[in-house]
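Q: just to be clear, the model below is a prediction. Sequence and coordinates:
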4 protein chains.
Amino acid sequence: MNSTTEFPDYLIEYGEQIDALRELGYTYWQRGWSRGTSSNYSVVVSRDPLQLVITASGKDKGRLSREDFVLVDAAGKKVHAEAPASSAETLLHCVAAECIPDVGAVLHTHSPWSTVLSQRYFAAGGIELHDYEMLKGLRGVSSHQEAVWLPIFDNTQDIPALAEQVRQRFTSAEEPLTHAYLIRQHGIYTWGRDLAEAARHIEVLEFLLECLGRSAAIA
Amino acid sequence: MNSTTEFPDYLIEYGEQIDALRELGYTYWQRGWSRGTSSNYSVVVSRDPLQLVITASGKDKGRLSREDFVLVDAAGKKVHAEAPASSAETLLHCVAAECIPDVGAVLHTHSPWSTVLSQRYFAAGGIELHDYEMLKGLRGVSSHQEAVWLPIFDNTQDIPALAEQVRQRFTSAEEPLTHAYLIRQHGIYTWGRDLAEAARHIEVLEFLLECLGRSAAIA
Amino acid sequence: MNSTTEFPDYLIEYGEQIDALRELGYTYWQRGWSRGTSSNYSVVVSRDPLQLVITASGKDKGRLSREDFVLVDAAGKKVHAEAPASSAETLLHCVAAECIPDVGAVLHTHSPWSTVLSQRYFAAGGIELHDYEMLKGLRGVSSHQEAVWLPIFDNTQDIPALAEQVRQRFTSAEEPLTHAYLIRQHGIYTWGRDLAEAARHIEVLEFLLECLGRSAAIA
Amino acid sequence: MNSTTEFPDYLIEYGEQIDALRELGYTYWQRGWSRGTSSNYSVVVSRDPLQLVITASGKDKGRLSREDFVLVDAAGKKVHAEAPASSAETLLHCVAAECIPDVGAVLHTHSPWSTVLSQRYFAAGGIELHDYEMLKGLRGVSSHQEAVWLPIFDNTQDIPALAEQVRQRFTSAEEPLTHAYLIRQHGIYTWGRDLAEAARHIEVLEFLLECLGRSAAIA
């Protein structure tokens, strides 16, 4: 990571979480999951009112500085006027944090396999993962025989509309969102009770998509 | 690796082996062989009675601390009550250590290729490797013309039952286990007289599975 | 990177840019985009007259020293007689800097996917990229629905002739060059207002070509 | 690399070359070109009589120590009785050094692609590479239009017999060895006037084989 910078005053109290996100960004950038300023990451720092610290818009994830973060409210608005603009997809983080009461962190990565497979399976509406032992790395999954469904939303530049679609799936009785979703040719969103769990979910899901991709390549 | 932590008292005497396992974990995590808290590693620290030091359950292999290990007996029970729970698959380590008198270390990795190919070859019962010069990296193999058979066991959450199956194969006269086995969509198990040999076996086997996968991709 | 060397006198004033190019070279070499002394990188350091600092010919990009750079003029001639020879493809950098008034940096990488796909799509004249969210990482692209065309020029050892072809495309009304081009079995050229933007373009384009390649591998 | 060890007395004068080979080993091991103690590397340290410093047999290339090298003569015999055994394939290094008067270093890597493609093209006798710009990274190649032929020898444990076959090809008028050769399912051998040139050849050849493999995967 680049040499340490100072935190702006309004971020000092979130220093530990921010440095953890910076380290994660560097790792994901190295692996090719967050290239070209893609991806965004957040942690929930308050529940009442709901507030998240999220990556600022358009930053290189391989060299996030301590100024590249924003505190936002439940509507995705930045709390401090002097902060940089937050990620364009901030609302997707807010909706996940709002709809699942114990979410502590939301992560979006944009890897080649999640991009390629979100297109391949778009017409099917999603990807069903089953029989992989690695599924047990997802919260609440206790056997490889449980199936996990990753719905795929169509991509759009209208983030409020997409956020509304996602919100409806979070609260849907028939087909609730459980662990993650994909956006077509745009990557994956997942979350966890804390950053460690969300990061474990990213690793599990990226692994499973890679297995799916390689299986297809030798089919 | 994360900054050094202290060993709990009951692990101090195994400090060198534990630090070697931590380094290995970091390497395998970096390569994608131990993501999402998957994999587990052990060293045999006593033969009479049989005791192993093994990774604790559910730990991130990229940042194993010195507290993330457990001393277990031949039945897989932890020796010190205050230790964390050992890996769910501890018994598989114990069985390998018990059935082969000179085993000094057991390693399980969970890479994409071992996952994908264990499914592809499951119906065939295993994978035969032959004609690869790299096979000579396996203990006792002195020519690329010797064939090595990797049996594939079906995956299950019933580890005692799986351990019993594996034990029978270790002692089978017709089809003995020689160097390693796969578990369906769950990765690979191998072992060695010491950690260096077990680690060499992991590298050899991951290499050979990658060759097999890439060969299939261009077939 | 290798241990720090001294700048020759004639490069001292460009020290910051050169060290940034050295760091980029190391990263691209690690990723396999600049192996075997391939690739070249430049920054525009003067507009009137046009001058660029560019990598010297035949240097290992994984260990660029501070002497491995050359100041050249608009015709690609080195300004200081004592400098090493500049890259054989210097003119391609000059043409990009000349034809686009606000170009501040030009980067050429030579990755496996850009090499393989430049051959696959050569007969089609180029590659059309569309519907990828990652396209928004290219300057001026505000929606994944905008299509970006990457023309492919045939490879040649006659760089002045190729530079002339490229120049004509830069000034072509019907089919202008917008963000980048490929040379057949030779890699990619892109640019940006500054080095950060050019580097973002490289990451975006390498990502998109990788997606294209992997999609083809599972088709 | 592992912490620095001392050179044995008989290797002190070759310290610089040995440390360069150790660094190369670490890089190749990281990339997957020298896993499981495979590969071997040498530098020519004397021409009259011919002497090479070469990696000792069976060493982990990711953690070569300063004791893991041997001085050998033209027949591949170690010069110092107390040195470890040299690589089993030492004679292949000697033959290359002997047959080409200005060879200063010989490198053998054992990557997945060289293994897989050496099998795929074995029946054809070799691999013809042409039209790749990267070919210009091979000594004496000045245009992508020159074709380079990589012959493939069958694998064997009889290294003296293989060395004799290779020697005959080095001195063959009709089909001379120019830059490198493959051994079936065993990797690649190349050389250069010095270690930097040999290392450049390895990078160029590994790149080209990767392009060939990926092209086949999307064919």
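A: On my side now, so go ahead. Residues are numbered from 1 along each chain as shown, chains lettered A, B, ... in the order given.
Q: name the residues of stretch A:160-179 that are buried.
A: Residues A:162-163, A:165-167, A:169-170, A:177-179 are the ones in stretch A:160-179 that count as buried (16 or more other CB atoms under 10 Å in any protein chain shown). For every residue, glycine as well, the C-beta is placed using N, CA and C.
Q: same question for stretch A:192-200.
A: Within stretch A:192-200, the residues that qualify as buried are A:192, A:194-195, A:197-200, counting by 16+ other CB under 10 Å.
Q: is it in proximity to chain B?
A: Yes. Interface with chain B: stretch A:192-200 contributes A:196, A:200 (CB under 8 Å from any CB of the partner chain).
Q: hmm, who's touching that stretch?
A: Contacts made with stretch A:192-200 from outside it, assessed by CB atoms under 8 Å, 6 or more residues apart in numbering or on different chains, are listed as A:17, A:20-21, A:24, A:43, A:102-107, A:137, A:139, A:190-191, A:201, B:36-37, B:60.
Q: kindly report the same for stretch A:165-182.
A: The list of residues contacting stretch A:165-182 from outside it, by CB under 8 Å, 6+ apart, reads A:92, A:95-96, A:98-100, A:114, A:117-118, A:126-127, A:138-140, A:148-153, A:188-191, A:201, A:205.
Q: ends of that stretch, what's the gap?
A: Between the opening and closing residues of stretch A:165-182 there is a gap of 13 Å (CA to CA, to the nearest Å).
Q: report the distance from it to the chain centre.
A: For stretch A:165-182, the separation from the chain centroid amounts to 15 Å (computed by CA atoms, centre = their mean, to the nearest Å).
Q: using PDB, write out the CA atom coordinates for the strand or helix carrying A:F207.
A: Using DSSP states H and E, the secondary-structure element containing A:F207 is helix A:195-217. Once side chains and other backbone atoms are set aside, the C-alpha atoms of helix A:195-217 remain, and they are given as PDB (Å, rounded to 0.1, in the frame of the first residue of the first chain):
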ATOM      1  CA  LEU A 195     -15.800  -7.200   7.700                       C
ATOM      2  CA  ALA A 196     -14.100 -10.600   8.300                       C
ATOM      3  CA  GLU A 197     -17.300 -12.400   7.500                       C
ATOM      4  CA  ALA A 198     -18.000 -10.300   4.400                       C
ATOM      5  CA  ALA A 199     -14.400 -10.800   3.300                       C
ATOM      6  CA  ARG A 200     -14.800 -14.600   3.800                       C
ATOM      7  CA  HIS A 201     -17.900 -14.500   1.700                       C
ATOM      8  CA  ILE A 202     -16.100 -12.700  -1.100                       C
ATOM      9  CA  GLU A 203     -13.300 -15.400  -1.100                       C
ATOM     10  CA  VAL A 204     -15.900 -18.200  -1.000                       C
ATOM     11  CA  LEU A 205     -17.900 -16.700  -3.900                       C
ATOM     12  CA  GLU A 206     -15.000 -15.800  -6.000                       C
ATOM     13  CA  PHE A 207     -13.600 -19.400  -5.500                       C
ATOM     14  CA  LEU A 208     -16.900 -20.900  -6.500                       C
ATOM     15  CA  LEU A 209     -17.300 -18.800  -9.600                       C
ATOM     16  CA  GLU A 210     -13.800 -19.700 -10.600                       C
ATOM     17  CA  CYS A 211     -14.600 -23.400 -10.200                       C
ATOM     18  CA  LEU A 212     -17.700 -22.900 -12.300                       C
ATOM     19  CA  GLY A 213     -15.800 -21.100 -15.000                       C
ATOM     20  CA  ARG A 214     -13.000 -23.700 -15.100                       C
ATOM     21  CA  SER A 215     -15.500 -26.500 -15.200                       C
ATOM     22  CA  ALA A 216     -17.100 -24.900 -18.200                       C
ATOM     23  CA  ALA A 217     -13.700 -24.500 -19.900                       C
END
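Q: you'd agree A:V166 is in a helix?
A: Yes. Remark: A:V166 belongs to a helix, assigned using DSSP: H, G, I helix; E, B strand; the rest coil.
Q: ok, back up a step: buried residues in the helix holding A:F207, which are they?
A: Applying a neighbour-count criterion of 16+ other CB under 10 Å, one finds A:195, A:197-217 buried in helix A:195-217.
Q: and the angle for it with helix D:195-217?
A: Taking axes from the mean of the first three to the mean of the last three CA atoms, to 10 degrees, one finds helix A:195-217 and helix D:195-217 inclined to each other by 70 degrees.
Q: how far does helix A:195-217 sit from its chain's centre?
A: Averaged over its C-alpha atoms, helix A:195-217 has a centre that lies 13 Å from its chain's centre (CA atoms, centre = their mean).
Q: give me the number of residues near the nearest residue to A:A85 once chain neighbours are set aside?
A: If you skip the residues right next to it in sequence, A:A85 has A:S57 as its closest partner in space, 4.5 Å away by CB to CB, 6 or more residues apart in numbering or on different chains. When counting by other CB atoms under 10 Å in any protein chain shown, one arrives at 16 neighbours for A:S57.
Q: who's in contact with A:S57?
A: Contacts for A:S57 were tallied using CB under 8 Å, 6+ apart; they are A:84-88.
Q: gap between the closest residue to A:Y14 other than its chain neighbours and A:T90?
A: Nearest-residue entry for A:Y14: A:V53, 4.8 Å, with adjacent residues in sequence omitted and distances by CB to CB, 6+ apart. To A:T90, A:V53 is 11 Å away according to CB to CB, to the nearest Å.
Q: for these two, list the residues in contact with both.
A: Both A:V53 and A:T90 are in contact with A:42, A:72, where contact means CB under 8 Å, 6+ apart.
Q: for A:S34, helix, strand, or coil?
A: A:S34 ends up coil, using three-state DSSP.
Q: correct me, but it touches A:P112?
A: No. Under the contact definition of CB atoms under 8 Å, A:S34 does not touch A:P112, with a separation of 11.6 Å.
Q: higher neighbour count, the two?
A: A count of neighbours by other CB under 10 Å puts A:S34 above the other of A:S34 and A:P112, at 29 against 26.
Q: measure the more buried one to chain C for me?
A: Using CB to the nearest CB, to the nearest Å, A:S34 is found at 10 Å from chain C.
Q: next: A:D68.
A: For A:D68, the distance to chain C under the criterion CB to the nearest CB works out to 13 Å.
Q: could you verify my assumption that that residue touches A:V53?
A: No. Counting by CB under 8 Å, A:D68 sits too far from A:V53 to count as a contact (10.8 Å).
Q: higher neighbour count, the two?
A: Using other CB under 10 Å as the criterion, A:D68 and A:V53 rank with A:V53 on top: 24 against 21.
Q: report the rounded mean pLDDT for the longest strand anywhere in chain A.
A: In terms of residue count, the longest strand belonging to chain A (DSSP state E) is strand A:40-47. The pLDDT scores in strand A:40-47 average 98.
Q: stretch A:171-186 now?
A: On average, stretch A:171-186 scores 92.
Q: go on, stretch A:81-89?
A: If you average the pLDDT over stretch A:81-89, you get 94.
Q: next, the distance between the ends of that stretch.
A: Terminal residues of stretch A:81-89 are spaced 19 Å apart (CA to CA).
Q: and that stretch, how far out from the chain's middle?
A: Relative to its parent chain, stretch A:81-89 has a centroid offset of 17 Å by CA atoms, centre = their mean.
Q: ok, stretch A:111-124 next?
A: The chain centroid and the centroid of stretch A:111-124 are separated by 16 Å, computed with CA atoms, centre = their mean.
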